[in-house]
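In: I need the structure of the sequence given here:
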Amino acid sequence: MKIVVDSAIPFLEGVLEPYAETRRLPGREIAAGDVRDADALIVRTRTRCDAALLDGSRVRFIATATIGFDHIDLGYCRRRQIGVATAAGCNARGVLQWVAAVLHHLSQRDGWRPAEKTLGVIGAGHVGELVRTYAAAWGFRVLTCDPPRAAREGDGFVPLEEIARHCDLVTFHTPLDASTRRMAGDEFLGRLRPDAVIINSSRGEVVDGDALLRSGRHYALDVWPHEPDIDRRLLAGAVLATPHVAGYSAQGKANATSMAVAALARRFALPLAGWYPAVAPSRPRLIGWDELGATIGAHYDIAAESDALKRSPERFEELRNGYVYREEYF
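Out: Next up, the predicted model:
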């Protein structure tokens, strides 16, 4: 058995080698010739898994150590009977803490308390649901837009137009598909309240960068159209700018890797069920706004991170791949 692995996926050294030939390559460099005789892939978003990569290969399983899957052609994989597993929810608490750092920074910059603001959460999956729960506890009025959940569950959600009409801050937590690509375009941005702030840690293409610049609105971005070749105008205008690392906590990365290994173990009957890296797991707790303000700086200096990217945008990939994982603390 042969497995091709993105070399940037952490904690995997020595885990798979007793059971399979393992080849590690940078995700962007994995090519058709590398996977032709592979049985499985463990990838991140940097590897596009489609016909160009997989035609003529013997690959039968792909595990992505990410919550997103827009880099995988699911239709092609279904037709070829290639199994696909994601790490849905793996880094939700890490992203929550990124959003918390953004909200605290904005409150300090502009001098407000949560009770004075309405927060719009677009997408109420693993991340969005956590953000909704914590933001409500912090004192925000929270409105949530999630059309698929609204269709299934009914009450508790509002349409996108209501988010635009009522929210002072809007945070995106959607997958990227035909319904969400450029969701925040000229029409949506034009409907927003005059001082509304856009926060995006989902996928870069969910927000139309050109429309965002035209809107003149304030924004904080972790994800960008056309990464890593990000628009320098968009970068310069951001209140906060980070290199696609919102979910880069030690626990989130450990979760993602262990979920990929577990999926591989199930598919190929490998004796790795229950394997987890030597990382202290999260100990979730509901933290108050005042405690957040007193502690977030010691755990995550998002302003310094933003300054580093703004100073050296050409180092986007270096800053991302060399990132020192944060510890989740709530």
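
In: the strands in the chain, which residues?
Out: Secondary structure of the chain, counting by DSSP state E: strands at 2-6, 21-25, 40-43, 61-64, 83-85, 118-122, 141-145, 169-172, 197-200, 218-221, 240-241.

In: quick one: which of those is nearest N321?
Out: Closest of these to N321 is strand 2-6, at 10.6 Å (criterion: C-beta to C-beta). (Glycine included, C-beta is placed from N, CA and C.)

In: what's in contact with that closest one?
Out: The contact list for strand 2-6 (C-beta atoms under 8 Å, 6 or more residues apart in numbering) reads 12, 16, 20-27, 30, 34-35, 37-44, 46-47, 65, 264.

In: Narrow the residues you listed to just the buried residues.
Out: Among these, those buried by neighbour count (16 or more other C-beta atoms under 10 Å) are 12, 16, 20, 22, 24-25, 27, 30, 35, 38-44, 46-47, 65, 264.

In: how many other residues sit next to Y219?
Out: Residue crowding around Y219 was assessed by other C-beta atoms under 10 Å; the count is 23.

In: didn't it look like it was pressed against S201?
Out: No - contact criterion C-beta atoms under 8 Å: Y219 and S201 do not qualify, at 11.6 Å.

In: count of residues packed around P271?
Out: 9.

In: Please name the residues that touch it.
Out: Residues near P271 by C-beta under 8 Å, 6+ apart: Y19, A265.

In: any idea how far it is from L213?
Out: Distance of P271 to L213, given as C-beta to C-beta, to the nearest Å: 53 Å.

In: do the same with A298
Out: A298 sits 34 Å away from L213, going by C-beta to C-beta.

In: Just want to know which of these two has more residues nearby.
Out: L213 (15 against 8).

In: Surely the more buried one touches R232?
Out: No - applying C-beta under 8 Å as the test, L213 and R232 come out as separate, 11.1 Å apart.

In: number of nearby residues for G209?
Out: As a measure of burial, G209 has 22 neighbours, counting by other C-beta under 10 Å.

In: Which residues are in contact with it?
Out: Counted by C-beta under 8 Å, 6+ apart, G209 has contacts W224, P225, D231, L234.
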